[in-house]
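Asker: Quick check, what structure comes out for this input:
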Amino acid sequence: DIVWAHLEQRRSRASTFFSRELVFKMGPHNVDKPALSVGYGEDVFKGAIADKYLKANGLKLADLEDYSWIKDSAKPDKIAKAILSWALDRGATNFCHWFQPMTSTFRHGDTGQVQMSMLEFNRDGSTTFELKGKNILFGETDGSSYPNGGMRATHTAGGYLAIDPSSPVFLRDDCIFIPACFVSYNGKALDEKTPLHRAHQSMSKQGARLFKHMGMEITGMVNNIGLEQELFFIPREAYERRMDLQFTGRTVLGRMPARGQEGCDHYMAPIHVDGPALACMKEIQEQCYKLGIPLKTRHREVAPNQYEFAPEFGSVITQTDQNLVVMQICEEVATKHGLVALLQEKPFAGVNGSGKHNNWSISTLCGAQLLNPGDLTAKSGNAEIFPVVMAAIVAAVDEYGDLMRMSIASPGNDFRLGAMEAPPSVISTYLGTQMTAYLKDFMEGNVYEYKPVTTPVDLGVDILPVVQAPCEDRNRTSPFPYGGHRFEFRAVGSSQNVSLVNTVLNAATAKYFAVISERIEAGETAVAVAQDLLKKHSKVVFNGNGYDPTWPDEADKLGINHIDSGVEAINTIVAPKNVAMFKEMGVFDEEECAARREILLEAYVGTIEMEVGCMIDMITQYAVPSAKAAGIDSAAMAEGVTQLKVALAGIHGAADTYESAKLCRILRLETMINVRTIVDNVEAECPANLWSYATYKELLFLDSGKFK
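Answerer: Numbering: from 1, shown residues only. Coordinates of the predicted model:
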């Protein structure tokens, strides 16, 4: 009875929250002191929500925000009791440790969990709710059944979970989720979260070490990110007639209709107010707001049926966790609206694919923004710190650009990078003319404070305001452009867990913070070291058009990292210089690097195996019968199936996973494309009423009615 009473209370609150009239109902309007919107953050244990329950248990919010509580003898039990009270008030009766297994990077935000009831079943037949400190601090599960690269086996299967106190506990349906790290019996990272924490800690410590040498005492640094999540919404009815979309997230066959994105009429166009896409996006935002996820923007993207969400900036740990939740919510809510959310990087040929721009910045714990020259100089009192920081980042991008490319290597991104819709696979950075000129002056010995100049833009109409354009234009063709107070890693894939991306960025930056500190400690000045680094590494700065077909060849001549193949990029994680860097920064050891290489290669191979299997079945079971019914010769398609089967057999017979993955890339980018062309040409000839799987015109135009 107690359980159902809590659930009924929760349902009542949920119906209130989701009613259109009350979702964002404000109190009496006061622009100087706005009221909180109803329901925001009620399903995440932090801030004012947590404070109420903590006080009832003799604690305060500061105790939760001081992460040392996990090592206190008494506080874990009190915090667990506070969480239990909050959970029951919200109708939750289960809990789990929520973790991120390896290869969740490319499994559309997949996470691991075992949901357990908080009911204790007493001997007298009664039940009580219980959650103790030990329950929230630690857990144990099987470490061998997840991809582990050989670090676990059935006879050495222990996997151990430890709470991440920096990422708040949250609630969905009847379960509370405790973000956790996942390691082996020997302490090897079996997840994506643990290495990110290690890299972030290293960046923080090495940053504090460097700043101390430059006269600014700080306790540490934090990496903040903002993620722009692109995705497609397509009609569920059509999706259910596509084996490839259901099994792999992308279409392996399909002819482009007469209309694609030629008119540039979808990008930021109005979202139809009565259409399913807007209703779906509104509910996604509402669910995210309950979880304290600040999704600020929603808009159409370039391709038909393509959209984007973007939140406010936040710490890399919580933003990464929240993005995984956002992707799951998108998939779940879409179903309720007769849609499917596609998060794969390239679900359709002939139109743009989807990315997830990773906006990346660093600040000190006292709030000085490292990539904001005015703020950093004002708070440090030292105008030399900013160019030293920039020199470290430029050097990191140049030396570890291969790892940056590795961190975004996936089958889906192999179709996107350099295809005039995403940056090329050359890893360079754009700094703009003012910043580049300033760093060139600095490098040559002219040391002064960097003061970027904005440009007034007069619209030529008296009643319109003068626009102040930022110091630099936007370069959407660079994989890692500086955008004023942040860098934007634009080449990240839409389905990715961005942990590995930011692990690489933080570890590489930490390494060069350490390099500068070591040289200062050996007797050099910070300015001299930074000038030397710029002389060696500024070749990686490219302010031109990354889509220019001559740029990759020029980059090769300059010695800039350029790796077209995702398979070869994955292999760079075990390059000696990269293993040494990860080991020195305390992120990965040799075994962990080797394991991740194997796992990423296995994921690549497995993805292509599924795609080829779908292509074979769709041709055999759908395309050939349709062609025969229409009296169209199907011999070429049958021959294509034979070619696919032969290629697949070759992959299975390869010497190792790396060789299999290289063959998979050839199969995917050559053989499969050739066979697809044959089938798509048959589709063009076949009467529409005889073609048996959903066509692109049925999949891509939500706003134009159904096409059958």
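Asker: Look up how far residue 455 lies from residue 468.
Answerer: 7 Å (Cβ to Cβ, to the nearest Å). C-betas here are computed from N, CA, C, even on glycine.
Asker: sorry, that was for residue 473
Answerer: For residue 473, the distance to residue 455 - Cβ to Cβ - is 10 Å.
Asker: same question, residue 160
Answerer: 56 Å.
Asker: of those two, who's got more company?
Answerer: Per other Cβ atoms under 10 Å, whichever of residue 160 and residue 455 has more neighbours is residue 160, with 18 against 11.
Asker: Dig out what that one forms beta bridges with.
Answerer: Under DSSP bridges, the beta-bridge partners of residue 160 are residue 140, residue 183.
Asker: Name the spans of the protein whose pLDDT lies under the cut-off.
Answerer: Across the chain, the ranges flagged by pLDDT under 70 are 1-38, 104-109, 418-420, 705-708.
Asker: So for it, the centremost residue is which one?
Answerer: Centroid check for the chain by Cα atoms, centre = their mean gives residue 498 as the closest residue, at 3.5 Å.
Asker: quick one: contacts for that residue?
Answerer: 225, 227, 320, 323, 356, 358, 492 (Cβ atoms under 8 Å, 6 or more residues apart in numbering).
Asker: Got a quick PyMOL command for the buried subset of the residues you listed?
Answerer: Buried members of the contacts of residue 498, defined by 16 or more other Cβ atoms under 10 Å, are picked up in PyMOL with:
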select buried, resi 225+227+320+323+356+358+492
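Asker: Would you format the contacts of residue 498 as JSON lines with secondary structure and distance to residue 164 included?
Answerer: Shown next, in JSON lines, are those (DSSP: H, G, I helix; E, B strand; the rest coil; distance: Cβ to Cβ, whole Å):
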{"residue": "225", "secondary structure": "strand", "distance to residue 164": "16"}
{"residue": "227", "secondary structure": "strand", "distance to residue 164": "18"}
{"residue": "320", "secondary structure": "helix", "distance to residue 164": "11"}
{"residue": "323", "secondary structure": "helix", "distance to residue 164": "15"}
{"residue": "356", "secondary structure": "strand", "distance to residue 164": "22"}
{"residue": "358", "secondary structure": "strand", "distance to residue 164": "20"}
{"residue": "492", "secondary structure": "coil", "distance to residue 164": "22"}
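Asker: Identify, from the contacts of residue 498, the entry nearest to residue 408.
Answerer: residue 492 (5.4 Å; Cβ to Cβ).
Asker: correct me, but that closest one touches residue 501?
Answerer: Yes - the criterion here is Cβ atoms under 8 Å, and residue 492 meets it with residue 501 at 5.6 Å.
Asker: Please enumerate the shared neighbours of the two.
Answerer: 358, 408.
Asker: residue contacts, residue 632?
Answerer: The neighbours of residue 632, taking Cβ under 8 Å, 6+ apart as the test, are 682, 685, 686.
Asker: gap between the last one and residue 700?
Answerer: Between residue 686 and residue 700 the computed distance is 19 Å (Cβ to Cβ).
Asker: Compare those two (neighbour count), which wins?
Answerer: Set residue 686 next to residue 700 and count neighbours by other Cβ under 10 Å: residue 700 wins out with 28 against 19.
Asker: Give me the distance from stretch 408-426 to the chain's centre.
Answerer: 15 Å (Cα atoms, centre = their mean, to the nearest Å).
Asker: quick one: buried residues of that stretch?
Answerer: 408-418, 421-426.
Asker: How about stretch 50-58?
Answerer: Quick answer for stretch 50-58 (16+ other Cβ under 10 Å): 50, 51, 53, 54, 57.
Asker: Quick one: residues in contact with that stretch.
Answerer: With Cβ under 8 Å, 6+ apart, stretch 50-58 has contacts from 45, 60-61, 63-64, 78-79, 81-83, 85-86, 168.
Asker: Residue 282 and residue 175: what is the separation?
Answerer: 24 Å.
Asker: Check the contacts of stretch 50-58 for burial and list the buried ones.
Answerer: Burial by neighbour count, judged by 16+ other Cβ under 10 Å, picks out 45, 61, 63, 64, 78, 79, 81, 82, 83, 85, 86, 168 from the contacts of stretch 50-58.
Asker: So which of those belong to helices?
Answerer: Among these, the residues falling in helices (DSSP state H) are 61, 63, 64, 78, 79, 81, 82, 83, 85, 86.
Asker: could you pull out the strands for the stretch 51-200 of the chain?
Answerer: With strands called from DSSP state E, counting those that start in this stretch, the stretch 51-200 of the chain shows them at 94-98, 116-117, 119-121, 127-129, 138-142, 158-163, 170-172, 175-184.
Asker: List the strands paired with the shortest one, with their directions.
Answerer: In its sheet, strand 116-117 lies beside strand 94-98 (antiparallel), with partners assigned from DSSP bridges.
Asker: can you state the direction angle for the strand it pairs with and strand 175-184?
Answerer: Per axes from the mean of the first three to the mean of the last three Cα atoms, to 10 degrees, the angle that strand 94-98 makes with strand 175-184 is 30 degrees.
Asker: next one: strand 94-98 to chain centre, how far?
Answerer: Worked out by Cα atoms, centre = their mean, strand 94-98 lies 22 Å from the chain centre.
Asker: Likewise for stretch 201-208?
Answerer: For stretch 201-208, the distance to the chain centre is 23 Å (Cα atoms, centre = their mean).
Asker: Return the set of buried residues in it.
Answerer: The neighbour-count check on stretch 201-208 (16+ other Cβ under 10 Å) flags 201, 202, 203, 204, 205, 206, 207, 208 as buried.
Asker: Out of these, list just those in helices.
Answerer: Per DSSP H, the subset of these in helices is 201, 202, 203, 204, 205, 206, 207, 208.
Asker: what's near enough to touch residue 145?
Answerer: Neighbouring residues of residue 145 by Cβ under 8 Å, 6+ apart: residue 157.
Asker: how about 10 Å then?
Answerer: Neighbouring residues of residue 145 by Cβ atoms under 10 Å, 6 or more residues apart in numbering: 101, 112, 152, 154, 157, 159.
Asker: On the three-state scheme, residue 310 is what?
Answerer: Using DSSP: H, G, I helix; E, B strand; the rest coil, the structure places residue 310 in strand.
Asker: Pretty sure it sits against residue 358.
Answerer: No - between residue 310 and residue 358 there is no contact under Cβ atoms under 10 Å: 11.4 Å.
Asker: Give me the common contacts of those two.
Answerer: Taking Cβ under 10 Å, 6+ apart as the contact rule, residue 310 and residue 358 both touch 226, 227, 228.
Asker: could those residues go into JSON lines alongside distance to residue 692?
Answerer: Below are the shared contacts of residue 310 and residue 358 laid out as JSON lines (distance: Cβ to Cβ, whole Å):
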{"residue": "226", "distance to residue 692": "43"}
{"residue": "227", "distance to residue 692": "38"}
{"residue": "228", "distance to residue 692": "37"}
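Asker: where do the strands sit along the stretch 201-350 of the chain?
Answerer: Ranges of strands within the stretch 201-350 of the chain are 221-235, 295-300, 306-311, 314-315, 339-342, based on DSSP E, counting those that start in this stretch.
Asker: Report all helices and strands that the fourth one contacts.
Answerer: Right, strand 314-315. If contacts are counted by 3 or more Cβ pairs under 10 Å, 6 or more residues apart in numbering; DSSP states H and E, strand 314-315 sits against strand 221-235, helix 316-336.
Asker: Tell me the gap between that strand and the middle of its chain.
Answerer: Relative to the chain's own centre, strand 314-315 is displaced by 13 Å; criterion: Cα atoms, centre = their mean.
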